[in-house]
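Q: Provided below are the primary sequence and the corresponding predicted coordinates.
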Amino acid sequence: MKMGICGTGVIASSMATLMVGNGVDTVVVGRSQESLDKCQQVVSERFDFLVAQDKVTASQKAAAMGKLTLSEDYADLVGSEFVLEAVWENIPLKQEIYGKVEQCVGKDTIIASATSALLPDVISEQMTLKERFVVAHPIQPADLQPIIELVLGSETSVNAKEKAKDLLETVLKRQVVLMEKAAPGFIYNRFQHLLFREGLYMVEQGIASAEDVDKTIRFALSKRYGSIGLFEYFDDVGFSLHNVIGPSIYPHVCSDLHMNQLVTDGIAAGKTGIADGVGMHDWSNRDVADYQYRKQAPYLDGFDWDLPESES
Ligand SMILES: NC(=O)c1ccc[n+]([C@@H]2O[C@H](COP(=O)([O-])OP(=O)(O)OC[C@H]3O[C@@H](n4cnc5c(N)ncnc54)[C@H](O)[C@@H]3O)[C@@H](O)[C@H]2O)c1
Ligand SMILES: O=C(O)[C@@H](O)[C@@H](O)[C@H](O)[C@@H](O)CO
């Protein structure tokens with residue numbers, strides 16, 4: 001089995017880890033040797049983490065890394081069953097990438113975008129064979145988090161849908177959520193960005209601190225919906241109470257259609273998050289390594305890759 005990835009960033013690196021970790025011959029196409037080397041380093045570090053967690057042996061890591069090919073040449077994608085585009089969330093760039101990929105792969109190759117929110121019909125509009133295009137939206141940490149949202153374009157064929165779903169489920173061991181209709185942000189990001197917007201709004205309005213918003217999401221909302229479904233609880237409480245409570249809240253939540261000022265101010269000030277040491281939190285006195293571990297920990301029990309064994 002051969003797959004390809006276009007891009008060398010956060011998602012490309014984690015999806016490359018997932019692919020080679022499930023025995024897939026994987027070609028990562030990047031725009032510079034420097035970015036490709038960085039991608040390979042991140043994949044190696046991902047495996048080092050899994051070795052440290054006793055999920056992968058050093059021999060299995062070596063076998064998996066042996067399935068990773070780095071290239072600046074799209075022609076090396078030839079023979080891929082599935083090519084994932086994971087470049088910047090920029091429509092013209094994505095469309096440029098698809099044009100390059102289509103010149104190098106067969107007509108039955110699935111071309112997928114990892115886009116967080118963009119509509120498949122919009123980003124695939126310049127493609128020659130739109131019927132083989134899908135959105136396959138992973139969720140961080142993309143190599144461990146099992147859910148992947150599969151979003152079809154209006155011209156995506158039934159064969160392409162079935163092939164994409166099968167590859168994601170049987171080869172990459174994902175739990176596929178197949179959208180009934182394409183909608184910007186799909187399911188996950190529509191909810192996540194509502195949470196982001198409202199949390200930012202509450203901090204801006206002095207209603208709550210970033211710390212208390214985090215605490216409420218972590219220890220109340222996530223705990224509840226980590227074991228029961230949103231609508232299971234909705235039915236548990238019953239429509240009548242929601243019918244009273246909901247409308248007493250709705251007029252007071254943030255309904256802005258633009259990004260919160262806190263964020264645009266932070267970008268202007270170079271205070272954009274962990275990368276800058278300060279964002280909604282001051283990371284100078286927070287344990288980033290602990291945060292990164294907590295981000296992965298929930299998925300380690302379910303780790304079930306078909307790891308390749310070393311030939312040696
Ligand atoms: N970061 C996340 O949490 C996340 C989660 C799910 C989906 N996504 C989506 O995945 C995609 C990639 O996001 P990311 O977070 O990995 O971004 P990133 O910034 O980490 O990586 C973007 C990559 O695009 C590459 N790139 C830019 N121009 C290029 C070109 N001309 N040719 C080839 N490569 C080029 C960059 O070198 C970089 O490797 C986006 O569509 C994003 O919305 C991101
Ligand atoms: O949360 C994720 O992993 C993804 O849904 C991403 O698409 C990404 O984090 C965006 O939400 C960032 O705004």
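A: Yep, that arrived. Ligands and ions are numbered 1, 2, ... in the order given.

Q: can you pull out the helices in the stretch 51-200 of the chain?
A: For the stretch 51-200 of the chain, the helices defined by DSSP state H, counting those that start in this stretch cover 58-65, 91-102, 120-123, 158-166, 188-204.

Q: Could you export those helices as CSV, including distance to ligand 1 and mean neighbour count?
A: Quick note: C-beta positions are derived from backbone N, CA and C, even for glycine. Supplementary listing: the helices of the stretch 51-200 of the chain in CSV, determined by distance: least, Cβ to the nearest ligand atom, whole Å; neighbours: other Cβ atoms under 10 Å:
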stretch, distance to ligand 1, mean neighbour count
helix 58-65, 19, 18
helix 91-102, 6, 17
helix 120-123, 9, 19
helix 158-166, 16, 16
helix 188-204, 8, 16
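
Q: which one of those helices lies closest to Y299?
A: When those are compared by Cβ to Cβ, helix 188-204 sits nearest Y299, at 15.1 Å.

Q: does ligand 2 sit close to the closest one?
A: Yes. Counting by Cβ under 6 Å from any ligand atom, ligand 2 is contacted by helix 188-204 at Y188, N189, Q192.

Q: I'd like the helices of the stretch 51-200 of the chain written out as TSV, with mean pLDDT added.
A: As requested, the helices of the stretch 51-200 of the chain are exported to TSV (pLDDT from 0 to 100):
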stretch	mean pLDDT
helix 58-65	97
helix 91-102	98
helix 120-123	98
helix 158-166	98
helix 188-204	98
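
Q: can I get these in a markdown table with distance to T26?
A: Output for those, formatted as a markdown table (distance: least, Cβ to Cβ, whole Å):
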| stretch | distance to T26 |
| --- | --- |
| helix 58-65 | 9 |
| helix 91-102 | 15 |
| helix 120-123 | 22 |
| helix 158-166 | 17 |
| helix 188-204 | 24 |
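
Q: what does the chain put close to ligand 1?
A: Along the chain, the residues adjacent to ligand 1 under the rule Cβ under 6 Å from any ligand atom are 6-12, 30-31, 35, 86-89, 93, 114-116, 137-138, 140.

Q: Whichever of the residues you listed end up buried, select them in ChimeraX.
A: Paste this into ChimeraX to select the buried members of the residues of the chain next to ligand 1, with burial taken from 16 or more other Cβ atoms under 10 Å:
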select :6,7,8,9,11,12,30,35,86,87,114,115,116,137,138
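
Q: Distance check, N90 against T115.
A: Relative to T115, N90 is positioned 10 Å away (criterion: Cβ to Cβ, to the nearest Å).

Q: for the stretch 1-150 of the chain, which spans come out with low pLDDT?
A: Using pLDDT under 70 as the threshold, the predicted model of the stretch 1-150 of the chain has no low-confidence range.

Q: Let me see the ranges of the strands in it.
A: Under the criterion DSSP state E, counting those that start in this stretch, strands of the stretch 1-150 of the chain are mapped to 2-6, 25-29, 68-71, 82-85, 110-113, 133-138, 147-152.

Q: what's the third one in contact with?
A: Yep, that's strand 68-71 we're talking about. Strand 68-71 is touched from outside by 16, 20, 25-30, 33, 36-37, 39-40, 43, 76, with contacts defined as Cβ atoms under 8 Å, 6 or more residues apart in numbering.

Q: Okay, now the sheet partners of that strand, with direction.
A: In the sheet containing strand 68-71, the strands it pairs with under DSSP bridges are strand 25-29 (parallel).

Q: quick one, the strand it pairs with and helix 91-102 angle?
A: Between the axes of strand 25-29 and helix 91-102, defined by axes from the mean of the first three to the mean of the last three Cα atoms, to 10 degrees, the angle is 130 degrees.

Q: quick one: contacts of strand 25-29?
A: Counting contacts by Cβ under 8 Å, 6+ apart, the residues touching strand 25-29 from outside are 1-8, 12, 16, 19-20, 36, 39-40, 67-74, 76-77, 80.

Q: Which among the residues you listed count as buried?
A: Among the contacts of strand 25-29, those classed as buried by 16+ other Cβ under 10 Å are 2-8, 12, 16, 19-20, 36, 39-40, 67-70, 74, 76-77, 80.

Q: What about W305, how many residues nearby?
A: Close neighbours of W305, defined as other Cβ atoms under 10 Å, add up to 20.

Q: same deal with D212?
A: 13.

Q: And G270, by the same measure?
A: Other residues near G270 come to 10 when the count uses other Cβ under 10 Å.
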